[in-house]
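Enquirer: Just need the structure, nothing else, for what follows:
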Amino acid sequence: MSNLLQYAVPEGEYGKNCSIGDLHVNMSNILVRAAHGLNLVEKRIVMACAAQIDSMRLGTSGEYNQALVRLSAATYGNQFNIGRNNAYNELKAASERLFERHIVMQRETPKGMKVHKFRWVSGVMYLEGEGIIEINFTREVMPHLTFLRGSYTTYQLSSASALRSFYSWRLLELLKSWRKTKELFITLEDFRRTMEIPESYLYKDVRVKCIDVAVKELKEKNNLKITWTPIKKSRAVTSLRFKWTEDDQINLNLEGGEIIKPKRTRKAKETDE
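Expert: Residues are numbered from 1 along each chain as shown. Coordinates of the predicted model:
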């Protein structure tokens with residue numbers, strides 16, 4: 001039997017009997033570098049659901065369907081340190097918006113920019129009496145969350161749980177997608193698009209409200225030491241270069257070191273593609 005078809009975890013058993021924070025968020029680098037169209041609350045919910053998916057398996061196999069995921073207000077509140085009432089309210093409010101949220105992927109082609117938009121979910125259900133949100137990831141999203149090989153970003157959900165800035169979370173993911181080199185060179189235009197920075201922001205606003213805030217929070221909460229440099233053409237900033245280091249002893253879960261517990265969380269090999 002091919003190694004690709006040998007699984008340590010039985011079908012449907014992934015992530016059971018362990019804290020959701022111990023699970024890993026796994027996404028293709030293509031998805032990581034796209035615009036996600038989510039606010040911070042929605043980001044938490046979607047990533048907490050994505051972490052429950054076994055990225056080593058196909059999304060569906062017969063009656064086995066990983067696209068349908070549940071998240072309770074109790075689990076959500078405990079993981080992100082949110083009070084009981086707020087957790088219920090945030091899940092309910094998100095259930096009314098998530099169906100309209102979409103991903104935007106862009107790439108240059110010989111004939112111009114190709115823009116691909118698709119929804120995160122094909123359906124959302126909120127069970128008010130139980131405080132549970134149930135989402136169904138779309139068939140366009142699932143290939144970016146399952147059966148991942150190679151160009152792949154992974155991080156433990158708990159490593160992002162304390163973040164209070166959407167920009168911090170997105171910068172963490174973006175840097176992680178280039179973790180082999182620990183260096184990211186990106187045009188200011190692509191950075192704005194990926195981080196979903198308002199068009200009204202001048203470069204000073206980008207620096208103060210987005211980059212500085214994210215760099216400070218990731219240093220304090222994730223022990224990431226990030227340095228960055230604006231690259232100018234004439235007098236205007238056109239690109240950004242990020243470099244970073246981290247304390248391996250403290251952040252093994254961020255760097256891809258072995259996670260001994262729980263045994264059921266698995267990560268595939270990553271490449272910076």
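Enquirer: got the residue ranges for the strands in the protein?
Expert: Counting by DSSP state E, one finds strands in the chain at the ranges 24-28, 60-61, 64-65, 68-72, 102-109, 112-119, 121-127, 132-137, 152-156, 183-187, 224-233, 236-246.
Enquirer: Can you name every helix or strand that the last one contacts?
Expert: Read that as strand 236-246. strand 183-187, helix 188-195, strand 224-233 (3 or more CB pairs under 8 Å, 6 or more residues apart in numbering; DSSP states H and E). No exception for glycine: its C-beta is placed from N, CA and C like everyone else's.
Enquirer: mind listing what's buried in it?
Expert: Neighbour counts over strand 236-246 (16 or more other CB atoms under 10 Å) mark V237, S239, L240, F242, W244, E246 as buried.
Enquirer: thinking the first one is in contact with L188, fair?
Expert: Yes - at 5.8 Å, V237 and L188 qualify as touching, with contact defined as CB atoms under 8 Å.
Enquirer: joint contacts of those two?
Expert: Contact with both V237 and L188 is made by residues Y203, according to CB atoms under 8 Å, 6 or more residues apart in numbering.
Enquirer: hmm, back to that, rebuild the strands of the chain as TSV, extending it with distance to A214 and mean pLDDT.
Expert: Written out in TSV, the entries for these read as follows (distance: least, CB to CB, whole Å; pLDDT from 0 to 100):
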stretch	distance to A214	mean pLDDT
strand 24-28	17	96
strand 60-61	36	56
strand 64-65	35	66
strand 68-72	25	96
strand 102-109	20	92
strand 112-119	25	94
strand 121-127	26	97
strand 132-137	27	97
strand 152-156	15	94
strand 183-187	13	97
strand 224-233	8	96
strand 236-246	10	95
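Enquirer: Can I get the ones you listed in a markdown table including distance to L38?
Expert: What follows is those, written out as a markdown table (distance: least, CB to CB, whole Å):
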| stretch | distance to L38 |
| --- | --- |
| strand 24-28 | 13 |
| strand 60-61 | 24 |
| strand 64-65 | 23 |
| strand 68-72 | 14 |
| strand 102-109 | 9 |
| strand 112-119 | 12 |
| strand 121-127 | 11 |
| strand 132-137 | 12 |
| strand 152-156 | 16 |
| strand 183-187 | 20 |
| strand 224-233 | 22 |
| strand 236-246 | 22 |
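Enquirer: Nearest approach to A93 belongs to which of those?
Expert: With CB to CB, the closest approach to A93 among the strands of the chain belongs to strand 121-127: 9.3 Å.
Enquirer: quick check, distance from the closest one to the centre of its chain.
Expert: Relative to the chain's own centre, strand 121-127 is displaced by 20 Å; criterion: CA atoms, centre = their mean, to the nearest Å.
Enquirer: rewinding a little: out of the strands of the chain, the one nearest K43 is which?
Expert: Each of these was scored for nearness to K43 using CB to CB, and the closest is strand 24-28 (10.4 Å).
Enquirer: How about Y152: which residues does it bridge to?
Expert: Per DSSP bridges, residues listed as beta-bridge partners of Y152: S28.
Enquirer: what about it, distance to E140?
Expert: From Y152 over to E140 the distance is 18 Å, taken as CB to CB, to the nearest Å.
Enquirer: quick one: which of these two has more around it?
Expert: Of the pair Y152 and E140, Y152 is the one with more neighbours under other CB atoms under 10 Å, namely 21 against 16.
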